[in-house]
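Asks: structure for the following, please:
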Amino acid sequence: MTAPAWMDPTKIRFLTLHCAATPRGRDVKAAEISRWDIDKFGQVSYHFVVELDGTFVRTLRDDQRGAHTGGANTGNIGICYVGGVELNKSMTPADTRTDAQKKALLTLVRTYRARFPGIIVRGHRDWPGVAKACPSFDVARWLKESGL
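Replies: Coordinates of the predicted model:
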């Protein structure tokens, strides 16, 4: 496994929300997602993984660069929730977040906004050149509806 590169935690400018693209209700744990990432990218991808019950598991420190947003990982905190697709043959993208996951994601967004005023929160699909549905919901609209 390649150790994640270092990044200056005082220069964090972005927080990107992701889904694991696992089927609705499948109870995948953070450790398994990290293993998948190590197999695919040679390192853990996300700083946090939010499990179905709302538990958020830190998988990278803020001073470690993830592997979650193509060429935009430096200064970017990656948070992934378990789910994001329907349990059907075509694995259709869908907002499968449980209420507990929504609450945990809001807690993490609030925490990072307090620590890094001006941080920009996006969904993976909101990055230029990304042709994915991830995180399978409209982050800006959800934050606005949540009062953030």
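Asks: which parts of this protein are helices?
Replies: 30-41, 99-115, 139-145 (DSSP state H).
Asks: any chance of CSV for the ones you listed, columns mean pLDDT and mean neighbour count?
Replies: Where C-beta positions appear, they are placed from N, C-alpha and C, glycine not excepted. Shown next, in CSV, are the helices of the chain (pLDDT from 0 to 100; neighbours: other CB atoms under 10 Å):
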stretch, mean pLDDT, mean neighbour count
helix 30-41, 97, 15
helix 99-115, 98, 16
helix 139-145, 98, 14
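Asks: where does the protein have low pLDDT?
Replies: Residue ranges of the chain with pLDDT under 70: 1-3.
Asks: show me the contacts for the residue lying closest to residue 58 once chain neighbours are set aside.
Replies: Spatial nearest neighbour of residue 58, excluding adjacent residues (CB to CB, 6 or more residues apart in numbering): residue 48 at 5.7 Å. Applying CB atoms under 8 Å, 6 or more residues apart in numbering to residue 48 gives the contacts 56, 57, 58, 59, 77, 78, 79, 80, 108.
Asks: cool, and residue 119?
Replies: 12, 13, 14, 15, 112, 113.
Asks: for those, which one is nearest residue 126?
Replies: residue 14 (10.2 Å; CB to CB).
Asks: distance of that closest one relative to residue 92?
Replies: Distance, residue 14 to residue 92, by CB to CB, to the nearest Å: 28 Å.
Asks: if we can go back for a sec, of the contacts of residue 48, grab the buried ones for PyMOL.
Replies: Here is the PyMOL command that selects only those of the contacts of residue 48 that count as buried (16 or more other CB atoms under 10 Å):
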select buried, resi 56+59+77+78+79+80+108
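Asks: could the contacts of residue 48 be laid out in a markdown table, adding distance to residue 24?
Replies: Shown next, in a markdown table, are the contacts of residue 48 (distance: CB to CB, whole Å):
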| residue | distance to residue 24 |
| --- | --- |
| 56 | 19 |
| 57 | 20 |
| 58 | 25 |
| 59 | 22 |
| 77 | 25 |
| 78 | 22 |
| 79 | 19 |
| 80 | 15 |
| 108 | 21 |
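Asks: from the contacts of residue 48, pick the one nearest residue 139.
Replies: After measuring the contacts of residue 48 against residue 139 - CB to CB - the closest member comes out as residue 79, at 10.6 Å.
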